[in-house]
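> Next come a sequence and a model predicted from it.
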Amino acid sequence: MNPFLLATSIENWIDSASFWPLSVLPAAVWAAIIHTTLVGLFFGLPAFVFIWAERKVAGRIQDRLGPTRVGGRFGWLQSLADGVKLIQKEDLAPNAADVMLFRLAPYIVVIAAFSAFMFLPFSAGLVAVAMDAGLFIALAVLSLEVLGIVLAGYASGSKWSLFGGMREAAQMVSYEVPLGITVVIPVVVAGTLNLGEIGALQSGGIQNWLIFSSPFTFLAFFVFFTVTLASNKRAPFDLAEAESELVGGFHTEYSGMRWSFFFLAEYASMFFVSALGAILFLGGWWTGFSPLDNWLLSTAQSSVGGDYLLRVFGMKILMVKAAILVFVQIWIRWTLPRLRIDQVMTTCLKYLVPMSCFLFLGAVIWPLVLATTIGQTSIWSPVGDRMPRSRRSGEPEVSSEVEGDETAMNRWNSRDSLVTVGLSTGEAE
Amino acid sequence: MSTVLFVIYALAASGGALAVVLSQNVVRMAFWLVISLSSVAGLFFLLGADFVGATQLLIYVGGTVVLLIFGVMLTSSGPYGTIKSQPAEVVQAGIIGMAFLALVASTVLSVNWEANEVRLAHANDHAEHGHVHEVSEPESEQGYNPEESGNTTRSLGTALLGVRFDKDLSLESEDGSNHGHTHGNHEVSAGYLLPFEIVSVHLLVVLVGAAYLARAKRRVDVENA
């Protein structure tokens, strides 16, 4: 991973645009500022919107109005009022606490939730760190969030917090197993861990989305969604902060900004796993309506800067999909009652793990079954054909669907040449 | 820039390790262990070994340390468990540590770094990236969206199945020190899939055995009662 990775992309863009001549160092500084601001917005803005949505949806589901006053009729600015209130509060640390760990724990949570966004492609090529192991690293970083919560529970010096932390640790360690397995299912179909490539693969119509690739991926999406509810400690799996039994769970002793850090991180990772689900299963940044995608691509290529606008449009689509998933998470929270801790563990170990193993096995066998029955490895067009592997010898030029996706195309071309050379030298002997 | 980051990560890794040894509070030890292990993951990222770094984060920091803290929480008798070492233990651990340090130092000193740097510079067109490549990579190679510089996942996956693009492609043009194999991959290893499976089945057996032992004790208690 190049340390200049963040800086160089904007730096090169400024260079190529050449309307704003800058030397290298200021450009790098500007790039760092712009990227940090953008990623920061993706950390902060979903929390801002979803906290309001949470209150509003909760109100509506419980036959109340929810916030109505702050910022107009619908209470748009309720989150801002909450934030101002939280900033004013005193930063307390209880006497019984292990003060160093108590103060550090919220930062671990925030850093983990925040840095996971580095690996999330918002659109074709719109990703801070594009890597082959992107999905793997994103999950690894996201799993660090647990550590902060467990430390917070332990360091608070309170029994409520300790119980919350213990529940969180037990729950997360178990739910990481089905999460990992369900995430691998679309990876098996796509044949890559690179989130950008998984997204690019689902271009074309809605039937190309990986959720519709086989009955197993269809079911895997719902298992994935259930597991992400638990891994974000959302109801009905929010045992770590069950206020009816544990006061506040792991954050009982926290106040002010440190308390709100936990919730910023929770809403940010809600958005993150929803966006991840949208990329893995729900077509990423594609609309799912191929004439519309094709029209957008053709207009984008004919206009100045259209390529960039197209990427931004793809980002909007991804965010809409993720927001819908977040809405479903909120909806479930205010509809279903909380499980008991033993029920949470049973759900995971006795139902979700075997289910995800079965789905994984099915998704692996599915192409073989199709190959023996209908002669191709997927029902609709073979998955590999949708990848922009153009300029390979003997294959036709790139199809219009994927032409806009230049970065993925270049990446694929470079890799394909490597693979082709490797295979051909092997065969030549 | 890489050097600065390397120094930061290396200092954090060794400082965290020292703090693990010197601290007496068990959970703080775990926290310092997190700092140390994450910095090692950072070093892996810096060397372009993304997959190994992510594995380090996922398994050690996200898994092992969480389980460690969980175990401390479950078993600790007081509010903050502490460990105080006996002087004899300090002496024993010190001797073992010094012996290991001597072993590592002698290994480091016996490596011919010059030759390796030359070899890595030769091989830097291909999937395996060393730190030499990282440093010497010209900035102009970065595109609009820079190519990922640690593309190790695919190489690792193919190596698991016995296909070594790095060896087959990059070293064949060098001298005869290549154990005689020329083009193609018909003389490379059979892959790491079988060892990997053996190790994972072994781990599974250990897990089942541990679960069985823990369970049997409880069953005996029930029968006695």
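Now that the structure is in, tell me what you want to look at.
> wait, doesn't B:Y60 sit right on B:L37?
Yes: using C-beta atoms under 8 Å, B:Y60 is in contact with B:L37, at 4.6 Å. From N, CA and C alone the C-beta is placed, and that goes for glycine too.
> which of these two has more neighbours?
B:L37 (22 against 18; other C-beta atoms under 10 Å in any protein chain shown).
> The helix or strand hosting the more buried one packs against which elements?
Taking DSSP states H and E as the criterion, the element that holds B:L37 is helix B:26-46. With contacts taken as 3 or more C-beta pairs under 8 Å, 6 or more residues apart in numbering or on different chains; DSSP states H and E, helix B:26-46 sits against helix A:99-115, helix A:145-155, helix B:2-22, helix B:50-55, helix B:65-75.
> let's see 6 Å
Helix B:26-46 is packed against helix B:2-22, helix B:50-55, helix B:65-75, with contacts defined by 3 or more C-beta pairs under 6 Å, 6 or more residues apart in numbering or on different chains; DSSP states H and E.
> which one of those helices has the most crowded surroundings?
Comparing the helices and strands packed on helix B:26-46 by mean neighbour count (mean count of other C-beta atoms under 10 Å in any protein chain shown), helix B:50-55 comes out on top with a mean of 23.
> What is that one packed up against?
helix A:134-142, helix B:26-46, helix B:152-160.
> Helix, strand or coil: sort out A:G283 for me.
coil (DSSP: H, G, I helix; E, B strand; the rest coil).
> what's the neighbour count on the closest residue to it other than its chain neighbours?
What sits nearest to A:G283 in space, not counting adjacent residues and going by C-beta to C-beta, 6 or more residues apart in numbering or on different chains, is A:W209, at 4.0 Å. With neighbours defined by other C-beta under 10 Å, the count for A:W209 comes to 24.
> So A:W209 sits against A:S203, correct?
No: if you go by C-beta atoms under 6 Å, A:W209 and A:S203 don't touch, sitting 9.9 Å apart.
> Return the distance of A:S214 relative to chain B.
22 Å (C-beta to the nearest C-beta, to the nearest Å).
> Leaving out the residues flanking it, which one is nearest to that residue?
A:S214's closest residue in space is A:W366 (C-beta to C-beta, 6+ apart), at 4.5 Å.
> tell me the SS of that neighbour?
Classified using three-state DSSP, A:W366 is helix.
> if I look at it, how far off is chain B?
For A:W366 relative to chain B (C-beta to the nearest C-beta), the value is 21 Å.
> try A:R234
In terms of C-beta to the nearest C-beta, A:R234 sits 19 Å off from chain B.
> Now do the contacts for that residue.
A:329, A:333 (C-beta atoms under 6 Å, 6 or more residues apart in numbering or on different chains).
> got a pLDDT number for it?
At A:R234, the model reports a pLDDT of 79.
> Run a quick neighbour tally on A:V129.
Applying other C-beta under 10 Å, we find 22 other residues in the vicinity of A:V129.
> Let me know the secondary structure of it.
Classified using three-state DSSP, A:V129 is coil.
> Look up the closest residue to it, ignoring the ones flanking it.
A:V129's closest residue in space is A:M118 (C-beta to C-beta, 6+ apart), at 4.9 Å.
> Just to check, that neighbour is in contact with A:M131?
No: the pair A:M118 / A:M131 is not scored as a contact, 9.6 Å apart, by C-beta under 6 Å.
> so which helix or strand takes in residue 196?
Answering for chain A, as no chain was given. helix A:195-201.
> hmm, I had chain B in mind actually
Here B:F196 is assigned to helix B:193-224, by DSSP H and E.
> How about that helix and chain A, any contact?
No: using C-beta under 6 Å from any C-beta of the partner chain, we find that helix B:193-224 stays clear of chain A, coming within 11.8 Å at best.
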